[in-house]
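K.L.:
predicted model, plus sequence, below.
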Amino acid sequence: KNQAQEKVNELREILNKYAHEYYVLDKPSVPDSEYDQKLQELRKLEEAYPELITADSPTQRVGGEPLEGFTKVQHEIPMLSLSNAFNEQDLRDFARRASQGTDKPLAFVCELKIDGLAISLTYENGKFVRGATRGDGTTGEDITSNLRTIRSIPLSIKEQRKIEVRGEAFMPHKSFLALNEQKEKNGEEPFANPRNAAAGSLRQLDPRIAASRNLDVFLYGVGEWEAEEINSHSGRLEYMKEQGFKTNPEWKRCDSIEEVLEYVEYWTTERPNLRYEIDGIVIKVDDLDIQEELGYTAKSPRWAIAYKFPAEEVVTT
Ligand SMILES: NC(=O)n1nc(-c2ccco2)nc1N
């Protein structure tokens, strides 16, 4: 029995490492067959010793029965929407207002604005305990069982103190095209865009359907955190990556609005080469104390703004 426990722990550690390399770092160190073989070994051991099964085992990604409905979740810290910028002048105005709100030197972090569904993930004692949609910003829906099926979301992390991280769940282009092809074959209505497809997939009551949709996430923020000891947004992004969360590799710390404008310029042309949909660039003040000084309007932070790409002219054939 103890032998089985040791073997199970060893397999879980190896499988979590492989999964992190493959789904989070996009750099597998072993062929899929190696992963599948070890997972099969773990399944057999858990079958023989069901009392050894834990919720964070890699075999427990796709849960049991479909839900009857989604329960509501209150966000202790509201998940606010971002105000928009549409051109260079809007961005310069944003930077000026921010610099007038503090006498400290100002730095920004630029991030790709992933066009998906905003989500919140809560971990307690290092375990993924709850996942929720943004909803209206204060009340979302508990979609834990669906989010567990997304392989790039870790089921356990090193941090033992309660932490809530936030990000975007999305459907990569390849999965979107394949899903719509399938829907058209079945004579079903295809999804209009990857955002709707991701939202529709996470609103399914049966986690097996969500599991089949090849969703992914990028995490970009922290909500509640018992151990707030990092004083910059960029530091938080690095911390989240260290904890095993998938953060978008394209974020960049900029020391001036000129650098921000260069970043926007670069991604305006580079955007078509991404394997996922983005609808803009998010610019955030990096220093968390300055974020606090700047505060919020009724519905959005004053320390962040979303530059939106011009809507692509639809070529009607
Ligand atoms: N959609 C997206 O990629 N977002 N959204 C935020 C955000 C929303 C509110 C605060 O931050 N940040 C990024 N990268």
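P.N.:
It's in. Residues are numbered from 1 along each chain as shown.

K.L.:
for the stretch 151-300 of the chain, what lies in contact range of the ligand?
P.N.:
The stretch 151-300 of the chain comes close to the ligand at residues 168, 220-221, 282, as judged by Cβ under 6 Å from any ligand atom. In short, each C-beta sits where N, CA and C put it, glycine included.

K.L.:
let's see 8 Å
P.N.:
Residues of the stretch 151-300 of the chain lying near the ligand by Cβ under 8 Å from any ligand atom: 166-168, 218, 220-221, 248, 251, 278, 282, 284.

K.L.:
name every strand pairing with the lengthiest strand in the chain and say which way it goes.
P.N.:
The strand that spans the most residues within the chain, counting by DSSP state E, is strand 216-225. Neighbouring strands of strand 216-225 in its sheet, by DSSP bridges, are strand 163-170 (antiparallel).

K.L.:
which stretches of this structure have low pLDDT?
P.N.:
313-317 (pLDDT under 70).

K.L.:
how about the helices of it, start to end?
P.N.:
2-19, 32-48, 88-100, 144-147, 173-185, 194-202, 207-211, 233-242, 257-270, 288-294 (DSSP state H).

K.L.:
list the buried residues for stretch 20-40?
P.N.:
Neighbour counts over stretch 20-40 (16 or more other Cβ atoms under 10 Å) mark 20, 22-24, 35, 38-39 as buried.

K.L.:
contact partners for the residue nearest to Glu277 when sequence neighbours are not counted?
P.N.:
Once flanking residues are discounted, Glu277 sits nearest to Asp115: 4.2 Å by Cβ to Cβ, 6 or more residues apart in numbering. When contacts are counted by Cβ atoms under 8 Å, 6 or more residues apart in numbering, Asp115 touches 168, 170, 193-195, 276-279.

K.L.:
cool, Ala85 as well?
P.N.:
91, 94, 283, 305-308.

K.L.:
count of neighbours near Leu106?
P.N.:
Using other Cβ atoms under 10 Å, Leu106 has 18 other residues around it.

K.L.:
what about Asn196, how many neighbours?
P.N.:
Asn196: 14 surrounding residues under other Cβ under 10 Å.

K.L.:
got it, and the one 4 residues further on?
P.N.:
Close neighbours of Gly200, defined as other Cβ under 10 Å, add up to 16.
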